[in-house]
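Undergrad: here is my input, please return the structure:
(chains A and B)
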Amino acid sequence: AQSVTQLGSHVSVSEGALVLLRCNYSSSVPPYLFWYVQYPNQGLQLLLKYTTGATLVKGINGFEAEFKKSETSFHLTKPSAHMSDAAEYFCAVSDGPMSGNTPLVFGKGTRLSVIA
Amino acid sequence: DAGVIQSPRHEVTEMGQEVTLRCKPISGHDYLFWYRQTMMRGLELLIYFNNNVPIDDSGMPEDRFSAKMPNASFSTLKIQPSEPRDSAVYFCASSQDRDYNEQFFGPGTRLTVL
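TA: Below is the predicted model of the structure:
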């Protein structure tokens, strides 16, 4: 079964600094990988996803993530943090098409705080 | 499209009462998911439907929880009787059959059981 580990339940960065949120996954087949963002009092929304092809994936709001199979990682980065990036970020994995319609498995989330 | 719609947004009830949460998925989406989010356990999948049929309800915590999807545009999650430990934010999400794994979430229902 798939699983996701997000290192650090809370990350704090200064405005303008690099954002790095870590995600490691476990999957027995080539995975589909996702990052979702949750702003206060809202539902989750898709930030970016990797299915096949290019391993560096660009998403909304300047975020990107790189799929590294050898490291079983899918870390989320943004070169320069903005105050509006403060939110909860969730990494998720599924087995994609190899095992049919498998639901997403979410990590426990990382809360990002941005300091002015 | 208005997105996934959930009601009510907030619900406060007393222990032992019945609670019904409602969800309207995005039109044309064939999959519907119910999640529960708490500080302690994070985001948990409770149940999901494909074309109105429940596919996997292994995440439903106990028999007090039940979910239905009578048609493609409506689903309910019912808790009877409710308990304080059911207090959480409940999310509904939907996705298209063709791109199954991209889920669109509703704003959630914040349930407080006193």
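
Undergrad: what's around the closest residue to A:Ile60 other than its chain neighbours, how many residues?
TA: Of all residues not flanking A:Ile60 in the chain, A:Leu47 sits nearest, at 6.1 Å (C-beta to C-beta, 6 or more residues apart in numbering or on different chains). (Each C-beta comes from the backbone N, C-alpha and C, glycine too.) A:Leu47 has 21 neighbours, counted by other C-beta atoms under 10 Å in any protein chain shown.

Undergrad: so what secondary structure elements neighbour the strand or helix carrying A:Leu47?
TA: Per DSSP states H and E: A:Leu47 is located in strand A:44-50. Applying 3 or more C-beta pairs under 8 Å, 6 or more residues apart in numbering or on different chains; DSSP states H and E, one finds that strand A:44-50 contacts strand A:32-38, strand A:56-58, strand A:64-68, strand A:73-78, strand B:104-105.

Undergrad: of these, which stretch is the most buried?
TA: Ranked by average neighbour count under the criterion mean count of other C-beta atoms under 10 Å in any protein chain shown, the helices and strands packed on strand A:44-50 are headed by strand A:32-38 at a mean of 24.

Undergrad: so it, near chain B or not?
TA: Yes - counting by C-beta under 8 Å from any C-beta of the partner chain, chain B is contacted by strand A:32-38 at A:32, A:34, A:36.

Undergrad: can I get the residues you listed in CSV including pLDDT?
TA: Formatted as CSV, the residues of strand A:32-38 next to chain B follow (pLDDT from 0 to 100):
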residue, pLDDT
A:Tyr32, 87
A:Phe34, 93
A:Tyr36, 96
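
Undergrad: how about a markdown table for the residues you listed, with distance to B:Pro81 added?
TA: Shown next, in a markdown table, are these (distance: C-beta to C-beta, whole Å):
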| residue | distance to B:Pro81 |
| --- | --- |
| A:Tyr32 | 39 |
| A:Phe34 | 36 |
| A:Tyr36 | 33 |
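
Undergrad: any idea which of those is the one closest to chain B?
TA: A:Tyr32 (5.4 Å; C-beta to the nearest C-beta).
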